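Student: pasting the sequence and the predicted coordinates here, then a few questions.
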Amino acid sequence: MTNDQQLDFESIRPYEDHEIQMVFNRLKGEQSFLNLLGFLYPHIPPTAIMDKVMHITSIRQFQTEIISAYVKGVIESTTKGVTVEGLDRLNPEESYLFISNHRDIVLDPAILNVLLFENGFNTTEIAIGDNLLIFPWITDLVKLNRTFIVNRNLPVKQMMESSRRLSSYIRYTLNTKKHSIWIAQREGRSKDGNDRTQVSLLKMLNISGEKTLPENFKELRLVPVSISYEYDPCDYLKAVEFYNKKVNPDYQKTQNDDLRHMGTGLRGRKGRVHFSFGDPITDEINIIEALTVKNDQFTALAEMIDQHVHQNYHLWPGNYIAWDLLNNSTEHTSHYSEAEKTVFIEYLNDHIQRAKLDDEFIRTSLLEMYANPLVNQKSYEVKV
């Protein structure tokens, strides 16, 4: 990498091994960071954790001993187990652009990295929006975890420059550094369970390519990933956001809202969790060469990714129950028991009460969140 490239990526790149002690020294003087440690590890004094951290000498060691250890604890205490499929069809020596649906701010890429590490793969670099970097120490913490920054809400000219830098960094990381990357298929999480790839994301990824659009994306080795939580602990918070936007179209989440979503996602009940890795989209991309309009190529590629995400999404009993309740139907009763339906309805009622708003609006919003993954799968059924 040339000096010019280093300068270009300086504002967004993750930290490297030689920088971590400087960052740790900075973090141990941040009281709000120490308060976070007290929240995450209530039975261990923050000073004891920092003493351990100060002996860490590499990003990999930090991820293994601190980040991965904590995420495994979250999995153990808040889920009924995490399962994975599809990694056996990928090459641990290859770098991929994992593009996935997005449910949880923190855990989606965190669990993915644990799964990769446990299955003989290197961890990925992670894309995160700068809107979540509420405090300087959050920036430090995520950049210690191989995270790079996506700048948002910039003026048009600056946004173009930022998109070009980001696109170049992603291509450079995949093809020169040989590190895989995780990125969500859209800006922000899907709040209604209807997972769709943003064409604007694909346009950003293409900026740094120097060949045809299909060839540019073949170089990125796209792998669609479907992330499926049996229960989304932030579902009622997302429903509240829908309600607030209904009564006030100008409503915007606050930084405190983002922090609440992060904390709720970490602590809340998730049931079973499944990660499904699709095959790399390489030869399949050739199909879009026949399209002569570039925007049509982008749209077709987005639909291609969506189909993989939708069809590989692992449906739980609650997805079928939600669809049947929404449609006053018994169509999917073979996919769940009466006991499972009772548990799901109790969960639903509990989260409706937590919202403390228009019960019927919240109930419908929650049911749609859980039904939409099934709606999307049904859309690919062959009509006879």
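Tutor: That came through, no problem.
Student: list the contacts for Leu230?
Tutor: Just so we're on the same page, residue 230 is Glu rather than Leu. Glu230 makes contact with 80, 270-273, 316, 318, according to Cβ atoms under 8 Å, 6 or more residues apart in numbering. Placement of C-beta: from N, CA and C, glycine included.
Student: cool, Asn376 as well?
Tutor: Asn376 touches 194-195, 306, 310, 313, counting by Cβ under 8 Å, 6+ apart.
Student: which one of those residues is nearest Met50?
Tutor: Comparing the contacts of Asn376 against Met50 with Cβ to Cβ places Asp195 closest, at 39.0 Å.
Student: part of a strand, is the closest one?
Tutor: No: Asp195 is assigned coil when assessed by DSSP: H, G, I helix; E, B strand; the rest coil, not a strand.
Student: ok, back up a step: buried ones among the contacts of Glu230?
Tutor: 270-273, 316, 318 (16 or more other Cβ atoms under 10 Å).
Student: I'd like the contacts of Glu230 laid out as a markdown table, including secondary structure, pLDDT and distance to Glu381.
Tutor: A markdown table is the format used below for the contacts of Glu230 (DSSP: H, G, I helix; E, B strand; the rest coil; pLDDT from 0 to 100; distance: Cβ to Cβ, whole Å):
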| residue | secondary structure | pLDDT | distance to Glu381 |
| --- | --- | --- | --- |
| Lys80 | strand | 97 | 29 |
| Lys270 | coil | 97 | 28 |
| Gly271 | strand | 97 | 26 |
| Arg272 | strand | 98 | 24 |
| Val273 | strand | 98 | 26 |
| Trp316 | coil | 98 | 19 |
| Gly318 | helix | 98 | 20 |
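Student: measure Tyr313 to Ala184 for me?
Tutor: 15 Å (Cβ to Cβ, to the nearest Å).
Student: mind checking which of those two has more residues around it?
Tutor: Per other Cβ atoms under 10 Å, whichever of Tyr313 and Ala184 has more neighbours is Ala184, with 28 against 22.
Student: remind me which residues of this protein are low pLDDT?
Tutor: 1-7, 382-384 (pLDDT under 70).
Student: 50 instead?
Tutor: The chain contains residues with pLDDT under 50 at 1-5, 384.
Student: can you map out the helices along the stretch 201-350 of the chain?
Tutor: Applying DSSP state H, counting those that start in this stretch to the stretch 201-350 of the chain gives helices spanning 213-218, 235-247, 255-267, 294-312, 317-326, 338-355.
Student: winner for burial among the ones you listed?
Tutor: helix 317-326 (a mean of 23; mean count of other Cβ atoms under 10 Å).
Student: keeping just the C-alphas, turn that helix into PDB.
Tutor: What follows is helix 317-326, C-alpha atoms only, in PDB (Å, rounded to 0.1, in the frame of the first residue of the first chain):
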ATOM      1  CA  PRO A 317     -42.200 -21.800  14.700                       C
ATOM      2  CA  GLY A 318     -42.900 -18.100  15.600                       C
ATOM      3  CA  ASN A 319     -42.500 -17.100  11.900                       C
ATOM      4  CA  TYR A 320     -45.300 -19.500  10.900                       C
ATOM      5  CA  ILE A 321     -47.400 -18.600  13.900                       C
ATOM      6  CA  ALA A 322     -47.100 -14.900  13.200                       C
ATOM      7  CA  TRP A 323     -48.200 -15.500   9.600                       C
ATOM      8  CA  ASP A 324     -51.200 -17.500  10.600                       C
ATOM      9  CA  LEU A 325     -52.200 -15.000  13.300                       C
ATOM     10  CA  LEU A 326     -51.900 -12.100  10.900                       C
END
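Student: who touches Phe62 in this structure?
Tutor: Counting by Cβ under 8 Å, 6+ apart, Phe62 has contacts 20, 53, 56, 144-145.
Student: check Glu215 too.
Tutor: Gly209.
Student: now do Val74: how many residues are near it, please.
Tutor: 19.
Student: cool, the one 10 residues further on as well?
Tutor: For Val84, the count of nearby residues is 19 (other Cβ under 10 Å).
Student: contacts for the one helix or strand it maps to next, please.
Tutor: Assigned by DSSP states H and E, Val84 belongs to strand 79-85. Strand 79-85 is contacted from outside by 75, 111, 114-115, 119, 230, 270-277, 314, using Cβ under 8 Å, 6+ apart.
Student: can you name the next helix or strand after it?
Tutor: Per DSSP H and E, the helix or strand that comes after strand 79-85 is strand 97-100.
Student: in its sheet, what does that following strand sit against?
Tutor: Within its sheet, strand 97-100 is paired with strand 181-184 (parallel), strand 222-229 (parallel), according to DSSP bridges.
Student: determine which of those approaches His43 most closely.
Tutor: From the strands paired with strand 97-100, taking Cβ to Cβ, the stretch that ends up closest is strand 222-229, at 26.8 Å.
Student: and the closest one, how far out from the chain's middle?
Tutor: 9 Å (Cα atoms, centre = their mean, to the nearest Å).
Student: next, the angle helix 255-267 makes with that strand.
Tutor: 80 degrees (axes from the mean of the first three to the mean of the last three Cα atoms, to 10 degrees).
Student: tabulate the CA atom coordinates of strand 222-229 in CSV.
Tutor: Extracted in CSV, the C-alpha atoms of strand 222-229 (Å, rounded to 0.1, in the frame of the first residue of the first chain):
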residue,chain,number,x,y,z
LEU,A,222,-19.9,-12.0,-2.5
VAL,A,223,-21.3,-14.5,-0.1
PRO,A,224,-24.9,-13.9,1.1
VAL,A,225,-25.5,-14.7,4.7
SER,A,226,-28.9,-15.3,6.4
ILE,A,227,-29.1,-14.5,10.1
SER,A,228,-32.1,-15.8,11.9
TYR,A,229,-33.0,-15.2,15.6
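Student: nice, that's everything, thank you.
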